[in-house]
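**Student:** model this:
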Amino acid sequence: MLSLYKTLWIRSGAEGVPVTYAGETPNGEDGWFQVYFDESEGVECGSIHMVRPFYGDPRTPSATRSAAAPADLAPPDILAELCTLAHEYGHAVSWRAGNRTAEYVAATDRMFKLLDAAAGGRLTDEECSLIEAEERRAWANGRAMLGELGFADWAVFDERERAGLAEYVRIFSGDVFAATTE
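**Tutor:** Okay, the predicted model is just below:
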């Protein structure tokens, strides 16, 4: 599994979307894809961030944690991280194909602002649909890439996909994120 993980990590970087480790996140993500504007190059760039507390070199895929990790902390779950990496890579594929529209970006920005503010608020049905469509597209793109690489543990991937999509359903239907039509 580690060889597939490293292959996808390196491939993403070779395609211009570097992958790095990040520590814990406030919203509990396992990873994220982001687009940023590189002022020096004058272009939009993408990057993937994999969440792993107590990582070593942030730019190098590994199967271990740093020496500073507590002794009782379980080793990284490489299979779970591979599924997350494939999903985030799927967002990069979608971005390069032009599927991450300004409307989608606005919807996700609004969702995270509502989450960060914890002040309540609602996403529209259209915003929920845009986000859900991109999430499904990213899982499909990640599945295709893993298939190309010879991945075989589809039961785990399917469960990670199901759980990831269910989290958005929970967000959209919860008190803060109930979908409405404006």
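
**Student:** contacts and neighbour counts: CA atoms only from here.
**Tutor:** Fine.

**Student:** Count the residues that sit near residue 102.
**Tutor:** 9 (other CA atoms under 10 Å).

**Student:** for residue 36, same thing?
**Tutor:** Neighbour count for residue 36, taken as other CA under 10 Å: 10.

**Student:** Toward the C-terminus, what is the element adjacent to the one helix or strand it maps to?
**Tutor:** According to DSSP states H and E, residue 36 maps onto strand 31-38. Using DSSP H and E, the helix or strand that follows strand 31-38 in sequence is strand 43-51.

**Student:** which residues touch that next one?
**Tutor:** 16-25, 29-38, 81, 84-85, 88-89, 92 (CA atoms under 8 Å, 6 or more residues apart in numbering).

**Student:** now do stretch 65-78
**Tutor:** Stretch 65-78 has contacts (CA under 8 Å, 6+ apart) with 1, 2, 5, 52, 53, 54, 55, 56, 63, 64.

**Student:** in the protein, which spans are helices?
**Tutor:** 2-14, 78-96, 102-117, 125-149, 154-173 (DSSP state H).

**Student:** Highest mean neighbour count out of these?
**Tutor:** helix 78-96 (a mean of 23; mean count of other CA atoms under 10 Å).

**Student:** where in the chain is pLDDT low?
**Tutor:** 25-29, 117-120, 174-182 (pLDDT under 70).

**Student:** residue closest to the middle of this structure?
**Tutor:** Nearest residue to the geometric centre of the chain (CA atoms, centre = their mean): residue 32, 3.4 Å.

**Student:** Just give the closest residue to that one, not the sequence neighbours.
**Tutor:** Distance criterion CA to CA, 6 or more residues apart in numbering; nearest residue to residue 32, sequence neighbours excluded, is residue 49 at 5.3 Å.

**Student:** Okay, and the beta partners of that neighbour?
**Tutor:** residue 20, residue 32 (DSSP bridges).

**Student:** tally of neighbours for it?
**Tutor:** Neighbour count for residue 49, taken as other CA under 10 Å: 21.

**Student:** likewise the one 5 residues further on?
**Tutor:** Other residues within reach of residue 54, judged by other CA under 10 Å, total 20.
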